[in-house]
Structure formats: structure tokens, C-alpha cells
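Peer 1: Would you be able to build a 3D model of this:
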Amino acid sequence: RACLALAQHHKNWQRDTEDWIPPEDGLHRQFASLAQHLLANHPVPGFMTNVWFEEPSPMAVKHQKLFKHLGLGNNIRGADLPIPMTKRVAQFFRHAPDHFSVEQALRWSQVLGLGGDKDLAMDIIATRRGRVFACEEFWARVIRFLVHRPLLDRAMIAPFIDYLNVKLGQFFSYPFHRMTDRQLEQLLSDVRTWMAGSPLYGRRPRLWKKTGIGGFRHVEPKDNEWSFRYWTIRELSTSQELIEEGNALHHCVGGYGFRCIKGRSSIWSLQSHGSLETHRVLTIEVDPTTRRV
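Peer 2: Model (predicted):
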């Protein structure tokens, strides 16, 4: 598919295929080298290689034209894009991660350009806003609001955005920059209520792959035959388990399923087991990439 897409732009090739010397390290790198050789006189961001693998569509053709635009040394700010491209945003766009789509790179650069961090950018990209651009003046205001609320529970960002997407007409003119902490807490309460009945966040069981990190079990020495007690730390891998954990310990981990599915978080339950009953003691979040608690 990718080679066919390149062939369809053969009138714009800058060099002959016979002059290309393929690198030795991997098919994707080889194809990226070929695309650069044929269509670029200047370095093109790594993630732009992905445009050649897209399903044939008018949008794929538009993305491929953007590859050629950048390959000829043109400024990204001169391209037809769905968001305002300032110098700062353009700088982040050129350094977006290689596995991103064009839409994800645009949203990533917008969030960072408005002062957000990479975690916030990833949370937003994981939602519909990572692939759809519409009502961008409104969503820019929402992103600025989230940037200036760094202490907002990360697990609520994706549901918060999805809720606003559903209730767009109600909040289109909402002055987010004047929202008080009390108003925010009420809004988050409305989001949680909506989550309970949403097909995306509702109570239907959802399962995700475990990290492979080993669990923990410790048996306490017996004082007598009735004092048997042991401790476990166990990874939770379904939405129902998260809901039960959150209900037992009165916190919001029930909303972390989206992060677990995306591989952004791993949730563990520390429990104490006695002869007659089990107590949930503590919930632990682990970063699957760094293994940091």
C-alpha cells in the first residue's frame, strides 16, 4: 500500500529509485529512507512516514501532500491545517513521537504549545480530540483551562473531555477561565454521574492485558492457631475490579480503566487477609514504562 501511494506521486519524485541506497536496519526505516529519497530535499519528521501507510482516502492524499510540502523545505505554518500554527506549536510539531498520526501530532503540538505537559497531551490524544478537529476555538479554551489546572486528577481528563464533547451545545460559550473550584467539583460530579451510564465508561466489564510484573504475598508468623494473617498485592485488570476498589476505599480509581487500557497506568490492590475476613488497605498506581510507584 505504501509503495503504491509513493508511486502515485511519481511526478513529484526528486531522484531516481536506482540512486537509493537502503539502510540495513528494519523495513520501516528502509521505507522512511525511500520516501525521503524520492520526495524530500529537507528532513521530514519521522511520524510523517506513517502517512504513506494510511488507507486510501482524500485525507490520506492531503497528508501525503503535507509530506511533500515539508520535504521541499516549506514552513509547516504555510500548510492548510485545522489549528493555528504558531512558531512555538510548529517547533513541537516537528519533534512529535514517531508513532503518531498527523492528527495526533497536531494535537500534541497544540497542547505543548499552550503550556501543557506531555502527560496532558497524551491524555487528550487518547480521546476523540486526538483524531477529530471541529469547533477548535472552543477546544482551545478547554485545553488552556486544563493547562492551568495541573492538580486536576489525571484519570478525569479523558472523561471530562468526552463529557464536554457530548454536551457541547451546553458548554460552547462557557467561561472556563472564570470557573471556581466549587464549580469545577460540581462539574466533575456531573461527569462521574454521566460515566456511570455511558457505554464508554459504564459498568460493563472491560479487560486489559496485565503488565507482567509479579504480585506479592507475605504470611505473618502465627502467634496462635487463630491469628493466621497474610498480605497480598495484586494487579487489577478489569473495569469491575477498579470500581469495587474505588467503592471500598472511597476514591476515584474506578475511572482509571481508560488509562489502564491505553497502557498509561497499572493499578494494584494491597489487601490484608485474616482467618475470617479480607480488608482492602491501599491502592497503588504503577507507571508500566518506568515501573515507578
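Peer 1: okay, CA-based contacts and neighbour counts for the rest of this
Peer 2: Will do.
Peer 1: Just the buried residues of the helix or strand harbouring Ala90, please?
Peer 2: According to DSSP states H and E, Ala90 maps onto helix 87-94. In terms of neighbour count (16 or more other Cα atoms under 10 Å), helix 87-94 has its buried residues at 89-90, 92-94.
Peer 1: Could I get the full set of helices for the stretch 101-250 of the chain?
Peer 2: Taking DSSP state H, counting those that start in this stretch, the helices of the stretch 101-250 of the chain run over residues 102-113, 118-125, 136-147, 157-166, 168-171, 181-197, 239-249.
Peer 1: Now do the SS call for His251.
Peer 2: When classified by DSSP: H, G, I helix; E, B strand; the rest coil, His251 comes out as coil.
Peer 1: what's the neighbour count on it?
Peer 2: His251 has 12 neighbouring residues, counting by other Cα atoms under 10 Å.
Peer 1: Ser173 now?
Peer 2: Per other Cα under 10 Å, the neighbour tally for Ser173 reads 10.
Peer 1: Check it and give its pLDDT.
Peer 2: Looking at Ser173, its pLDDT stands at 92.
Peer 1: And it, how far from Ile157?
Peer 2: As judged by Cα to Cα, to the nearest Å, Ser173 and Ile157 stand 20 Å apart.
Peer 1: do the same with Ser239
Peer 2: Remark: distance between Ser239 and Ile157 (Cα to Cα) = 17 Å.
Peer 1: Ser237 too?
Peer 2: As judged by Cα to Cα, Ser237 and Ile157 stand 21 Å apart.
Peer 1: next one: His279
Peer 2: The gap separating His279 from Ile157 is 30 Å, by Cα to Cα.
Peer 1: Compare those two (neighbour count), which wins?
Peer 2: Of the pair His279 and Ile157, Ile157 is the one with more neighbours under other Cα under 10 Å, namely 18 against 13.
Peer 1: which residue sits closest to that one, ignoring its sequence neighbours?
Peer 2: Nearest residue to Ile157, sequence neighbours excluded (Cα to Cα, 6 or more residues apart in numbering): Asp123, at 6.6 Å.
Peer 1: Repeat that for Arg229.
Peer 2: Spatial nearest neighbour of Arg229, excluding adjacent residues (Cα to Cα, 6+ apart): Gly274 at 4.5 Å.
Peer 1: how many neighbours does that neighbour have?
Peer 2: By other Cα under 10 Å, neighbour count at Gly274 equals 14.
Peer 1: Likewise for Ala121?
Peer 2: 21.
Peer 1: That one reaches Leu112, doesn't it?
Peer 2: Yes: if you go by Cα atoms under 8 Å, Ala121 and Leu112 touch, sitting 7.0 Å apart.
Peer 1: where does this protein dip in pLDDT?
Peer 2: For the chain, the stretches flagged by pLDDT under 70 are 200-205, 224-227, 275.
Peer 1: would you list the buried residues of helix 87-94 in CSV and tack on distance to Arg259?
Peer 2: Shown next, in CSV, are the buried residues of helix 87-94 (distance: Cα to Cα, whole Å):
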residue, distance to Arg259
Val89, 26
Ala90, 28
Phe92, 24
Phe93, 24
Arg94, 26
